[in-house]
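Engineer: Build the 3D model from these lines:
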Amino acid sequence: MNHVIGQMQTSDWDQVRAIYLEGIRTGDATFETEAPSWERWDESHHPFGRLVLRDDATVLGWAALSPVSKREVYRGVAEVTVYVAESARGKGIGRALLETLINESERNGIWTLQASIFRRTPQAWNYIVAVAFAKSAAASASRSCTASGATRCSSNAGARRVHRLNCPRNSARDQPGFSTGGGSVSTLCCF
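Structural biologist: Numbering: from 1, shown residues only. Take a look at the predicted model:
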């Protein structure tokens, strides 16, 4: 296998969209019920931080950053999206994409990354926390985590801090037009 992470091109959209649709069908990846057009997706994401992992010409996974707000004070805050093709899951592709995306976000002035994760997919939470701390492990071997209603993890020496905020099922996301698939969501912020 010849795995290469590169910038997403417009010509990748059909494969990226197919992977996105696989995630939508699981009911565990997004509140969306359909994949957008390229134009709608393109306008809602940063021009940087659009990655694909390819095996030759086949896209096996993708990751992207989108702004959380148009307000200037939030210019350094981005939402993380990572999707891996069903046939390629469990092979470290998501982790590789996320690590590369974190590096790219830092090169482009992003100081906070956030992701929303369904609580019924704890494996996603676990690998994101592992990646978020991987770069800061050398800076500090000391981390403290508490498991209560909200999990707060932090490292010393200016290393990353990860916060898990739980959103109840009856949140605004459960309004008409949103589908939670019967679960609640955790939002992860790394800063």
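Engineer: Which helix or strand contains residue 5?
Structural biologist: Element membership of residue 5 [criterion: DSSP states H and E] is strand 3-7.
Engineer: so what does that strand touch, helix or strand wise?
Structural biologist: Taking 3 or more Cβ pairs under 8 Å, 6 or more residues apart in numbering; DSSP states H and E as the contact definition, the neighbouring helices and strands of strand 3-7 are strand 50-55, helix 93-107. Heads up, the C-betas are built off the backbone N, CA and C, glycines and all.
Engineer: report the angle between the axes of the next helix or strand after the first one and helix 93-107?
Structural biologist: Toward the C-terminus, strand 50-55 is succeeded by strand 58-67 as the next helix or strand (DSSP H and E). Counting by axes from the mean of the first three to the mean of the last three Cα atoms, to 10 degrees, strand 58-67 points 40 degrees away from the direction of helix 93-107.
Engineer: CA atoms of strand 58-67 as CSV?
Structural biologist: Extracted as CSV, the C-alpha positions of strand 58-67 are listed here (Å, rounded to 0.1, in the frame of the first residue of the first chain):
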residue,chain,number,x,y,z
THR,A,58,-8.2,5.9,-4.0
VAL,A,59,-9.2,8.2,-1.2
LEU,A,60,-9.4,6.2,2.1
GLY,A,61,-10.2,9.1,4.4
TRP,A,62,-10.4,12.8,4.7
ALA,A,63,-10.2,15.6,7.3
ALA,A,64,-11.1,19.2,7.2
LEU,A,65,-11.3,22.4,9.3
SER,A,66,-14.3,24.7,9.4
PRO,A,67,-14.7,28.0,11.2
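Engineer: Mind jotting down where the strands sit in this protein?
Structural biologist: Assigned strands in the chain, in chain order: 3-7, 50-55, 58-67, 77-84, 112-118, 143-147, 151-155, 161-167, 185-190 (criterion: DSSP state E).
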